[in-house]
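Participant: fold the following, please.
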Amino acid sequence: MTQRLDTLQAALEAVLGNAIQQLVRSRGEITIVVSAENYLAAAKRLRDDAALKFEQLIDLCGVDYSEYKNQPWDGLRYGVVSHLLSVTHNWRVRLKVFATDDGLPAVASVTELWSAANWFEREAFDLYGILFEGHLDLRRILTDYGFIGHPMRKDFPTTGHVEMRYDPEAKRVIYQPVSIAPREIVPRVVREDNYGGHH
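Facilitator: Model (predicted):
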């Protein structure tokens, strides 16, 4: 496995060179980070270069790194992480890119390279508000019509902003502000003397 990773790492470094901002080897996997400006070109080389041949996009997701692992985060807030597979060489790589503007996060769409990116990018847009430039049909995919905000952002309230219910008088579903008061839940521990049959 180590030898295969050595071969893959050497190929990645030879093909992408300075485009790789960071390369991490951990748990038998390689993760590379590229800049937003190099993202699409790097992805194209990952797919097309004979030494790499990552024909398949397995997954793509957004990440909000603020409060990452409940720690203060020093760096760009929004990332896009993709997992690529080469059927030809039977190896994988994780590709990361960070949007340069936390206020309006945007990176290039890779749908022209891998059609599988379409719904994944729509999901990341819907849940995180990350824009994918060049995506031909970037609209919400999981949340309801008229939904406001991006529910996977760390600053989005857990209870949301609105709730829906069926109104028997109006004979339709209606939306109203959330009626749940936010509160801290402190677990209550109950101890019974003879719990489990021990006396």
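Participant: tell me where the protein has helices.
Facilitator: With DSSP state H as the criterion, the chain has helices at 2-16, 39-48, 117-128.
Participant: deepest-packed of the ones you listed, please.
Facilitator: For those, the largest average neighbour count (mean count of other C-beta atoms under 10 Å) is found in helix 117-128, namely a mean of 21. In short, each C-beta sits where N, CA and C put it, glycine included.
Participant: if you drop the residues flanking it in sequence, what lies closest to Q56?
Facilitator: L85 (4.4 Å; C-beta to C-beta, 6 or more residues apart in numbering).
Participant: who are the contact partners of that neighbour?
Facilitator: Shown in contact with L85 (C-beta atoms under 8 Å, 6 or more residues apart in numbering): F54, E55, Q56, L57, I58, W91, R92.
Participant: distance check, it against A124.
Facilitator: 19 Å (C-beta to C-beta, to the nearest Å).
Participant: and the pLDDT at L95?
Facilitator: Note for L95: predicted pLDDT of 98.
Participant: right, I mislabeled it, should have said T111
Facilitator: With respect to pLDDT, T111 has a value of 98.
Participant: that one contacts L138, correct?
Facilitator: No. Applying C-beta atoms under 8 Å, one finds T111 not in contact with L138, separated by 9.5 Å.
Participant: low-confidence ranges, this structure, go.
Facilitator: 1, 180, 182-184, 190, 194-199 (pLDDT under 70).
Participant: 50 instead?
Facilitator: In the predicted model of the chain, no residue satisfies pLDDT under 50.
Participant: so what's the residue count around S66?
Facilitator: S66 sits with 14 neighbouring residues when counted by other C-beta atoms under 10 Å.
Participant: ok, now how distant is it from A124?
Facilitator: In terms of C-beta to C-beta, S66 sits 16 Å off from A124.
Participant: T88 reaches D49, doesn't it?
Facilitator: No. Contact criterion C-beta under 8 Å: T88 and D49 do not qualify, at 11.0 Å.
Participant: for those two, indicate the residue with more neighbours.
Facilitator: D49 (15 against 11).
Participant: show me what contacts the nearest residue to the more buried one once chain neighbours are set aside?
Facilitator: Closest residue in space to D49, ignoring its immediate chain neighbours: V15 at 4.8 Å, by C-beta to C-beta, 6+ apart. Residues in contact with V15 (C-beta under 8 Å, 6+ apart) are R45, L46, D49, A51, L52.
Participant: circling back to that earlier point, which residues are in contact with each of T111 and L138?
Facilitator: E121, F132.
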